[in-house]
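Q: Predicted model, plus sequence, below.
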Amino acid sequence: MNQFKIQAGLRIASHLFFILLTFRSFIALRFDMILQRDKTGPARIFLILLACAIGFGVSSFVLDIIDQFSTIFSNL
């Protein structure tokens, strides 16, 4: 039971890490230079949602790759 709690905590931490990393990447790309001055609010919300979607996808991919490698190497 305790193993499931640790695994869930690591999954949440991984998702948050990759979402934050993606959002920081969007900030570094300077999308605010492209946006109109009066439309920055909706654009920021869009960037946050896009960062969540991409970060979650990347995190799920990395966790699945780690899981597959652990399955492969545990059966050797």
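A: Yep, that arrived.
Q: Helices of the chain, start to end?
A: Using DSSP state H, the helices found in the chain span residues 2-28, 40-74.
Q: Let's have those helices in TSV, adding mean pLDDT, mean neighbour count and distance to I34.
A: In short, each C-beta sits where N, CA and C put it, glycine included. Shown next, in TSV, are the helices of the chain (pLDDT from 0 to 100; neighbours: other C-beta atoms under 10 Å; distance: least, C-beta to C-beta, whole Å):
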stretch	mean pLDDT	mean neighbour count	distance to I34
helix 2-28	92	13	11
helix 40-74	91	13	9
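Q: Can you tell me the closest non-neighbouring residue to the spatially most central residue of the chain?
A: The centroid of the chain falls nearest to G55 when counting by C-alpha atoms, centre = their mean (2.0 Å). With C-beta to C-beta, 6 or more residues apart in numbering as the criterion, G55 has its nearest non-adjacent residue at 3.3 Å, and that residue is I19.
Q: need the contact list for that neighbour.
A: Residues near I19 by C-beta atoms under 8 Å, 6 or more residues apart in numbering: A51, C52, G55, F56, S59.
Q: what's the closest non-adjacent residue to the first one?
A: For A51, the nearest residue in space outside its immediate sequence neighbours is F23; the separation is 3.9 Å by C-beta to C-beta, 6+ apart.
Q: L35 contacts A43, doesn't it?
A: Yes. L35 is within contact range of A43, at 4.8 Å (criterion: C-beta atoms under 8 Å).
Q: hey, what's in contact with both of the two?
A: With C-beta under 8 Å, 6+ apart, L35 and A43 have no common neighbours.
Q: Could you check how far I48 is from R37?
A: 19 Å (C-beta to C-beta, to the nearest Å).
Q: Please apply the same query to R30.
A: Distance, R30 to R37, by C-beta to C-beta: 15 Å.
Q: What of R44?
A: On the measure of C-beta to C-beta, R44 and R37 end up 13 Å apart.
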